[in-house]
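Chemist: When you get a sec, could you give me coordinates for this:
(chains A and B)
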Amino acid sequence: MTKPENVAPEHFIRQIIKQDLASGKHQGRVATRFPPEPNGYLHIGHAKSICLNFGLAQEFSGTCNLRFDDTNPEKENQEYIDSIERDVRWLGFSWSGDVRHASDYFLQLYEYAVELIRQGKAYVDHLNAEQMREYRGTLTEAGRNSPFRDRGVEENLALFEQMRAGAFDDGECVLRAKIDMSSPNINMRDPVIYRIRKVDHHQTGNEWQIYPMYDYTHCISDALEEITHSICTLEFEDHRPLYDWVLDQLPVPCHPQQIEFSRLNLNYTVTSKRKLKQLVDEGHVNGWDDPRMPTIAGMRRRGYTPSALRQFCEMIGVTKSPGVVDVGMLEFAIRDDLDRNAPRAMCVLRPLRVVLENYPESSSEELWLSAHPKDESLGKRRLVFERELFIDQSDFMENPPSDFKRLTVGGEVRLRGGYIIKCERVIKDGQGVPIELRCSYDPETLGKNPVGRKVKGVIHWASANHSLKVQVRLYNRLFNHTSPDSGEDGKHFLEHINPESLVVLEGCVAEPGLVQASDALAYQFEREGYFVLDAKDSSSDALVFNRTVELRDSWAKVQK
RNA sequence: UGGGCUGUCGCCAAGCGGUAAGGCACUGGAUUUUGAUUCCAGCAUUCCCAGGUUCGAAUCCUGGCAGCCCAGCCA
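Modeler: Numbering: from 1, shown residues only, chains lettered A, B, ... in the order given. Alright, predicted model coming up:
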C-alpha cells in the first residue's frame, strides 16, 4: 500500500516553494519558466525540466512561461523552435500567455547595458579572444585587468553605441561587466556581456549587430517576466553570483531566485545536444525523430506516451546529487502505462507455416477476442481461424529443453483464443530448417480445456489467408555501453553504437483488425511487446510498426 | 594545488537529533488461454571514512577521502 506522500515526494525545490509561500516571499506567487535554446530537439533530459517547471506551476496554481533563450543566432533556427513548441504541448503542458523569446527583450537589455556603463560597471574591451583568455588567469591564478578596463564612461558609451551601429567587425571588441578579475569564481572575472555578430537573427532579422550573452540575458529576462523561481541545472551553480550581481545593479522589477538541480543522466544513452546532432548529421540515425533517439520526437515516434514520460520524471525525483538513472526505469514506466491502455493484437514476427490436417479444407470460422484482458471497455476484435496458419518460429522446437512450454513434435499447445493443436510432423528444407508443421487440432477445445490432460503453453498465431503482411521494426538500445560518452575505455561514443539497434522484419503476419491502427495508439502484440504504427513510413497498403518496448520475458532470462 | 557542488541498498530516492520510507532491478511462491499483467513474500543492524558532542547521530561538530562542474566573444 503506497501512502499518498510517497506518490509525490517532497523534493527540495517543492520545499523551497512551500516555505516561500508560507513566508509570503513573492506575495504568494509561483512563476517558473522553461527556457530552451532553439539549437536542437528536446530530449528526455528536457522532459525532466519541463515536468518540473510546468508541474510546479500547476501544483501551486502558478504560471510557467515558455521562453526561447535565443541569444546565439548562429546556432538557432525556426525548425527547432517549432519542434520544441510541439514537444512541450505533446507532453501535455501549456505555457502561460504567448511564447516568449529573450530576443523580445533585446532593446531593454541594451538600455540596461547602457545603464551599467553609466554606473561605471561595464566597459568596452578591445582585447581579442586569445588575449582575453590570457588575462583571465587560470583556476588557481588570479586574472589581470584589461588595459581597456578603466576607460571613461563617455568613451564606453560612445564605443558601445558604435558597436551597435556596426562600426566594428565581429570579434573586434566586446562589452564586459566590471566585477573582479581576481575572483576565485571565474565567471566573475569581468564576463563578456555583449559581442558583435553580424548575422541575421531568426526573430529580429538584421535589427541587431550585437547580441547579449546568456549570463547577462537570462537573469534579466527572468526578472522582466517576474519569475519567482528560476530553476536550472547544476552547471549553472557557479553562475548564480553573476545572476545575482547583474540584477543587483539594475532597476529590474524583481529578483528571482535561481535554484539548481541535477540534470538527468540515463545509462546506455547520450543526452548532449552536440552528440545527438552529430548522430543526425552523420546519418547514424534517420533524423532527430528516429525512434532510437532519446529525443521527445523520437520517443513519440517510438510509441512512448506523454503520461509514461511524466510518470518517469516523477519516479526519478529531483535532487542535486549527480546520479545515473537506469533506462530500465523508463522502460518500466512505458510498460506500466501501455499494459493498462494498449489494445491487444497478434502479429507473427517470424512466420512458420502450420497446416491443420484435420481441419476442413475450404472452411473457416470467426473468433472474437477481447481487446484487453482486464478492460472490457476496449471492446472485441475479430479473427479468422482456418486450416493454414502461421506461428512464430521461436514457438516450435524439435529438441526442446524440459521446461519448454511451446510446440514440439508430438506435443500440444493452445493457439491463443482458438484451439489446442498437436504437431504431427515437421517438414524441413535442405538445410534441416523447419519450413512447415503438419498438425491436428482438437475441435473440443475452443473456449475450454480438454479433460484428462493439461496443456500449459499458449502461443500467438495468424491465419494464412485473413491476415495482413506488415513490416516490423525492432528497436533496441542505440548504444551497447552503459556510459557511451564517458570515454573511459578510450573509445569514442560512436564506437559504442549497437549494430542491432534497428532490426527490420519484412513479411510479418498481423491480425486483420490492425488495418485500423493509427500512430497515436500503441498496441500490445501479445507475447512480443508494444508496437505503434510508424508516423512517417507507414501507408495504408504497406503498414510499418515500430516496437516501443518488449514485454518482460522471464523465459529469455532462464534460457541464458 | 582556486572556487562551487555531491556522497543513504546494484540504480533512483525519502529522511531535517528519537532508533533506515518508497520505486526500479533482483530472488522465491500463488493465480493466469500473453513464460505478460496481478498478487504475496524476501531484499541496508546501517547511511563515504575517522574522530567528537549527546541518554540517543544518516541527521550536529572536526578532520579526511571520493566523484562532478568551472579558465567560450556557447547556453
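Chemist: List the residues that contact residue A:336.
Modeler: The neighbours of residue A:336, taking CB atoms under 8 Å, 6 or more residues apart in numbering as the test, are A:308, A:311. Every residue, glycine included, has its C-beta placed from N, CA and C.
Chemist: Could you list the residues of the stretch 201-350 of chain A in contact with RNA strand B?
Modeler: If contact is defined as CB under 7 Å from any atom of the strand, the residues of the stretch 201-350 of chain A in contact with RNA strand B are A:211, A:213-215, A:218, A:234-239, A:262, A:315-326, A:328-329, A:331-332, A:335-336, A:339, A:344.
Chemist: PyMOL command to pick out the buried ones of the residues you listed?
Modeler: What follows is the PyMOL syntax selecting those of these that are buried according to 16 or more other CB atoms under 10 Å:
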select buried, chain A and resi 211+213+214+215+218+236+239+262+316+318+325+331+332+335+344
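Chemist: Which ones among the residues of the stretch 201-350 of chain A next to RNA strand B map onto helices?
Modeler: Among these, the ones falling in helices (DSSP state H) are A:214, A:215, A:218, A:315, A:316, A:328, A:329, A:331, A:332, A:335, A:336, A:339.
Chemist: now, among the residues you listed, which is nearest to residue A:127?
Modeler: residue A:215 (18.3 Å; CB to CB).
Chemist: Would you confirm that the closest one contacts residue A:191?
Modeler: Yes. Applying CB atoms under 8 Å as the test, residue A:215 and residue A:191 come out as touching, 5.8 Å apart.
Chemist: any residues in contact with both of these two?
Modeler: The contact sets of residue A:215 and residue A:191 overlap at residue A:242 (CB under 8 Å, 6+ apart).
Chemist: show me the contacts for the closest residue to RNA strand B within the stretch 251-400 of chain A.
Modeler: Closest residue of the stretch 251-400 of chain A to RNA strand B, CB to the nearest atom of the strand: residue A:323 (2.6 Å). If a contact means CB under 8 Å, 6+ apart, then residue A:323 has A:262, A:265 as its contacts.
Chemist: Over to residue A:422: give its phi and psi.
Modeler: As for residue A:422, its main-chain torsions (degrees, to the nearest 10) stand at phi -130, psi 130.
Chemist: Dig out what it forms beta bridges with.
Modeler: Applying DSSP bridges to residue A:422 gives these bridge partners: residue A:412, residue A:440.
Chemist: Quick check, pLDDT for it.
Modeler: pLDDT for residue A:422: 98.
Chemist: from the chain's centre, how far out does the helix or strand harbouring residue A:14 sit?
Modeler: For residue A:14, the host element (DSSP states H and E) is helix A:12-23. Relative to its chain's centre, helix A:12-23 lies at 29 Å (CA atoms, centre = their mean, to the nearest Å).
Chemist: What's the mean pLDDT across it?
Modeler: With pLDDT averaged residue by residue, helix A:12-23 scores 96.
Chemist: Point out the other helices and strands that it packs with.
Modeler: Taking 3 or more CB pairs under 8 Å, 6 or more residues apart in numbering; DSSP states H and E as the contact definition, the neighbouring helices and strands of helix A:12-23 are helix A:44-59, strand A:229-233, strand A:257-261.
Chemist: Redo the ones in helices among the residues of the stretch 201-350 of chain A next to RNA strand B as a markdown table? Include pLDDT.
Modeler: Written out in a markdown table, the entries for those read as follows (pLDDT from 0 to 100):
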| residue | pLDDT |
| --- | --- |
| A:214 | 98 |
| A:215 | 98 |
| A:218 | 98 |
| A:315 | 96 |
| A:316 | 97 |
| A:328 | 97 |
| A:329 | 98 |
| A:331 | 98 |
| A:332 | 98 |
| A:335 | 98 |
| A:336 | 98 |
| A:339 | 98 |
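Chemist: Which two of these have the greatest separation?
Modeler: Across those (CB to CB), the longest gap, 46.2 Å, separates A:215 and A:339.
Chemist: So, low pLDDT: which residues of chain A?
Modeler: Along chain A, segments meeting pLDDT under 70 span A:1-9.
Chemist: tell me the contacts of residue A:450?
Modeler: Going by CB under 8 Å, 6+ apart, residue A:450 touches A:420, A:442, A:444.
Chemist: wait, what's in contact with the residue of chain A most remote from its centre?
Modeler: Within chain A, the residue lying farthest from the chain centre (CA atoms, centre = their mean) is residue A:452, at 52.3 Å. When the contact criterion is CB under 8 Å, 6+ apart, residue A:452 has no partners at all.
Chemist: Give me the three-state assignment for it.
Modeler: Following DSSP: H, G, I helix; E, B strand; the rest coil, the label given to residue A:452 is coil.
Chemist: all helices of the stretch 401-550 of chain A, in order?
Modeler: With DSSP state H, counting those that start in this stretch as the criterion, the stretch 401-550 of chain A has no helices.
Chemist: hmm, I was thinking of the stretch 251-400 of chain A
Modeler: A:273-281, A:296-302, A:306-316, A:327-341.
Chemist: any idea which of the ones you listed is most buried?
Modeler: Neighbour counts averaged per stretch over the helices of the stretch 251-400 of chain A are highest for helix A:296-302, at a mean of 25; criterion: mean count of other CB atoms under 10 Å.
Chemist: Which residue ranges of the stretch 301-450 of chain A form strands?
Modeler: In chain order, the stretch 301-450 of chain A shows strands spanning A:344-345, A:347-348, A:351-356, A:364-370, A:380-386, A:388-392, A:412-415, A:420-428, A:434-442, with DSSP state E, counting those that start in this stretch as the criterion.
Chemist: Any chance of those strands in a markdown table with distance to residue A:113 as columns?
Modeler: What follows is these, written out as a markdown table (distance: least, CB to CB, whole Å):
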| stretch | distance to residue A:113 |
| --- | --- |
| strand A:344-345 | 61 |
| strand A:347-348 | 62 |
| strand A:351-356 | 69 |
| strand A:364-370 | 67 |
| strand A:380-386 | 65 |
| strand A:388-392 | 67 |
| strand A:412-415 | 75 |
| strand A:420-428 | 80 |
| strand A:434-442 | 77 |
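Chemist: Among those, show me which one is buried the most.
Modeler: Stretch with highest mean neighbour count among the strands of the stretch 301-450 of chain A: strand A:347-348 (a mean of 26; mean count of other CB under 10 Å).
Chemist: Sheet partners, orientation included, of that one?
Modeler: Strand A:347-348 sits in its sheet next to strand A:502-510 (antiparallel), going by DSSP bridges.
Chemist: Okay, buried residues for the partner strand please.
Modeler: For strand A:502-510, burial by neighbour count (16+ other CB under 10 Å) applies to A:502, A:505, A:508, A:509, A:510.
Chemist: shouldn't the fourth one be in contact with residue A:391?
Modeler: Pointing back at residue A:509 there. No. Counting by CB under 8 Å, no contact exists between residue A:509 and residue A:391, whose distance comes to 9.8 Å.
Chemist: Pull up the overlap in contacts between these two.
Modeler: Common neighbours of residue A:509 and residue A:391, counting by CB under 8 Å, 6+ apart, are A:348, A:351.
Chemist: Need the CA coordinates for stretch A:313-323. PDB is fine.
Modeler: What follows is stretch A:313-323 as a C-alpha-only set of coordinates in PDB (Å, rounded to 0.1, in the frame of the first residue of the first chain):
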ATOM      1  CA  CYS A 313      10.000  12.100 -14.400                       C
ATOM      2  CA  GLU A 314       8.100  11.800 -11.200                       C
ATOM      3  CA  MET A 315       9.800   8.500 -10.400                       C
ATOM      4  CA  ILE A 316      13.300   9.700 -10.700                       C
ATOM      5  CA  GLY A 317      12.900  12.600  -8.300                       C
ATOM      6  CA  VAL A 318      14.700  15.900  -8.200                       C
ATOM      7  CA  THR A 319      17.900  16.400  -6.300                       C
ATOM      8  CA  LYS A 320      21.400  17.900  -6.500                       C
ATOM      9  CA  SER A 321      23.200  14.600  -6.400                       C
ATOM     10  CA  PRO A 322      24.700  13.600  -9.800                       C
ATOM     11  CA  GLY A 323      23.300  10.100 -10.500                       C
END
